[in-house]
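Engineer: Provided below are the primary sequence and the corresponding predicted coordinates.
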Amino acid sequence: MRIANLSGRACLVAGSPGTERAIEISVASGGRFSSSFDELYDQWDQVQRWGGDLDPDAAARLGIPIDRALLGPPSPSPSQVFAIGLNYDQHAAESGFEVPADLPPTFTKYVSSFTGPDSVVELPAGGQIDWEVELVAVIGRRASAVSEAEAWSHVAGLTLGQDLSDRGSQFLGPAPQFSLAKSFAGFSPQGPWLVTPDELSDPDDVEIGCRLDGAEVQKARTRQLIFPVSALVARLSRIVTLWPGDVIFTGTPAGVGMGCTPPRFVECGSRLDSWAEGIGELHQTFVNSPTPTSRQPSE
Ligand code: ZN
């Protein structure tokens, strides 16, 4: 099953790449489920069972063609957002850090930075904006102290995200400022939709990558994750309770601009295209912010 956020309504997606169609969950389910995302993930077990019996071709015939400009993030109002650092060997190396032993560095991306898959991102004045393509997991069932073996059954599905990051703000102060530096408006594009794990040939081995102005800069397979999705759900849920709809950015592979010699960042007019095998694509373009953001250098 694939679930899109179309103008804020939860829609079932059917059809093949490039010709997908969408139908509201409330219509497709004959009123059994609401198309509100506030309810969708809370009822995920029932939605999943219903989806298992669905005929996608019949749903596709009833659906309308998808206007990508109307797509929003597949979980638009999570209670919690987790973002994982240093979760690929080569990215840890290019960042100059040791590989984490048991608990990877974890920060948040504030929900105000969320957008759908296709967007124009305003560059904060004076910023050094970097790309980080990432597999994103959405929680479908409350998880507290779950084992790695149980973890996948708590995941509603996967989507694709960019953890856009202003390296300027991130490393400006005496301690790294991950969460804010990665939460400027538009810095968390996600989509194009949620894909349930059963739709993927191996949800633990998905190719992800991105191209900057047409040239490939990142490409990896998620089997290279140091802490795969199941390990992240297990480790996070040892400490916090994960709620339905919660979003986990699982970390980026090597190839970010900060790791280039000399460092490289997106510019006004840059185009960033990201992909995840079996999930879909994101498309970002960048423009200068019309209103310069003020920065207080040493507070
Ligand atoms: Zn990241």
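Structural biologist: Arrived safely.
Engineer: Which single residue in the stretch 101-250 of the chain comes nearest to the ion?
Structural biologist: D163 (3.3 Å; CB to the ion). For every residue, glycine as well, the C-beta is placed using N, CA and C.
Engineer: Relative to T196, how far out is that residue?
Structural biologist: Distance from D163 to T196, counting by CB to CB, to the nearest Å: 23 Å.
Engineer: quick one, which of these two is more surrounded?
Structural biologist: Using other CB atoms under 10 Å, the more surrounded residue of D163 and T196 is D163, with 27 against 21.
Engineer: For the residue of the stretch 101-250 of the chain closest to the ion, give me its contacts.
Structural biologist: By CB atoms under 8 Å, 6 or more residues apart in numbering, the residues touching D163 are 83, 109, 132, 134, 182, 187-188, 249, 252.
Engineer: just S179 next, same as before
Structural biologist: Listed by CB under 8 Å, 6+ apart, the contact set of S179 reads 83, 107-110.
Engineer: out of those residues, who has the most neighbours?
Structural biologist: Ranked by neighbour count (other CB under 10 Å), those have A83 at the top, with 27 neighbours.
Engineer: Name whatever forms a beta bridge with the nearest residue to that one once chain neighbours are set aside.
Structural biologist: Leaving aside its chain neighbours, A83 sits nearest to F249 (4.0 Å; criterion: CB to CB, 6 or more residues apart in numbering). Beta-bridge pairing for F249 (DSSP bridges): A83, V136.
Engineer: thought F249 was touching V138?
Structural biologist: No: using CB atoms under 8 Å, F249 makes no contact with V138, being 10.8 Å away.
Engineer: Can I get the contacts of S179 in TSV including distance to I25, secondary structure and pLDDT?
Structural biologist: Putting the contacts of S179 into TSV (distance: CB to CB, whole Å; DSSP: H, G, I helix; E, B strand; the rest coil; pLDDT from 0 to 100) gives the following:
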residue	distance to I25	secondary structure	pLDDT
A83	28	strand	98
F107	32	strand	97
T108	28	coil	98
K109	26	coil	98
Y110	27	coil	98
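Engineer: ok so, going back, the contacts of D163: which ones sit near the ion?
Structural biologist: Filtering the contacts of D163 for neighbours of the ion using CB under 5 Å from the ion leaves 132, 252.
Engineer: of the contacts of D163, closest to I279?
Structural biologist: E134 (11.6 Å; CB to CB).
Engineer: which other helices and strands contact the helix or strand hosting the closest one?
Structural biologist: Element membership of E134, judged by DSSP states H and E, is strand 133-139. Packing partners of strand 133-139 (3 or more CB pairs under 8 Å, 6 or more residues apart in numbering; DSSP states H and E): strand 155-162, strand 207-212, helix 229-239, strand 247-249, strand 271-276.
Engineer: now that strand against strand 155-162, angle please.
Structural biologist: Going by axes from the mean of the first three to the mean of the last three CA atoms, to 10 degrees, strand 133-139 is angled at 150 degrees with respect to strand 155-162.
Engineer: I'd like the numbering to begin with 278 instead of 1 from here.
Structural biologist: Okay, residue one is now 278; in that scheme the one you just asked about reads as strand 410-416.
Engineer: next helix or strand past strand 410-416?
Structural biologist: Using DSSP H and E, the next helix or strand after strand 410-416 towards the C-terminus is helix 425-428.
Engineer: how far does that following helix sit from the chain's center?
Structural biologist: Chain-centre distance of helix 425-428: 21 Å, with CA atoms, centre = their mean, to the nearest Å.
Engineer: Give me the mean pLDDT for the strand holding E411.
Structural biologist: For strand 410-416, mean pLDDT is 98.
Engineer: Thank you kindly, that will do.
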